[in-house]
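In: dropping a prediction and its sequence here:
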Amino acid sequence: SSICRQQSPSSRIEEAAGEIAAQVAADFKCKCTLVQWEAGRNRLSVFIGAREEADEGGDEGEIVGIEKCEAVSRKIGEVLDDPGSPCSDLFPAAGYTLEVSTEGLGSTLKTDRDFISFRGFDVEVRTEQEFKNATKWLGRLVKR
């Protein structure tokens with residue numbers, strides 16, 4: 001489409017790979033939260049939620065571990081490398097590196113979903129104003 005032709009190569013890769021990553025992640029009961037293309041390094045980074053999606057009963061999903069990231073990565077790689085993939089002509093001839101990981105270190109929790117996803121994780125909380133002689137607190141996230 002003409003819209004795709006007007007986008008930068010990085011934007012086209014992120015959009016096309018993002019659609020594939022979202023579908024693959026959903027197949028593994030996960031949510032794709034971000035796709036980033038680093039052209040200078042030929043690296044595609046896919047971030048998925050730290051927990052599986054909640055089941056129909058509303059129970060929070062399991063924590064996503066390295067095994068799940070590996071499985072999602074393998075499947076995304078298979079789809080992206082398929083000659084019939086909408087991404088097949090977007091990647092450089094030299095190839096690319098695919099990284100799949102969970103959101104986490106350094107992420108700022110903003111939404112209710114973020115707080116639910118990271119419940120039970122160790123967190124660092126920083127305050128602008130000092131409270132009880134400190135501006136940085138370490139602990140385990142219990143609730144928002």
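Out: Arrived safely.
In: give me phi/psi at the closest residue to R140 other than its chain neighbours?
Out: In this structure, R140 finds its nearest non-sequential neighbour in D122, 5.8 Å apart by Cβ to Cβ, 6 or more residues apart in numbering. For the C-beta atoms, the positions are set from N, CA and C on the backbone; glycine is no exception. Note on D122: backbone dihedrals following degrees, to the nearest 10 are phi -70, psi 140.
In: again with V79
Out: Here is the backbone geometry of V79 (degrees, to the nearest 10): phi -70, psi -50.
In: what's the spacing between the residue sitting nearest the centre point of the chain and V142?
Out: When Cα atoms, centre = their mean is applied to the chain, the residue found nearest the centroid is F47 (1.5 Å). Distance from F47 to V142, counting by Cβ to Cβ, to the nearest Å: 24 Å.
In: which intervals of this protein have sub-threshold pLDDT?
Out: The chain contains residues with pLDDT under 70 at 1-7, 55, 57-60, 104-107, 117.
In: looking at it, which helix is longest?
Out: Identified as the longest helix of the chain according to DSSP state H is helix 9-27.
In: in that helix, what's buried?
Out: 12-18, 20-22, 24-25 (16 or more other Cβ atoms under 10 Å).
In: hmm, which two among those residues are most spread apart?
Out: R12 and A25 (20.0 Å; Cβ to Cβ).
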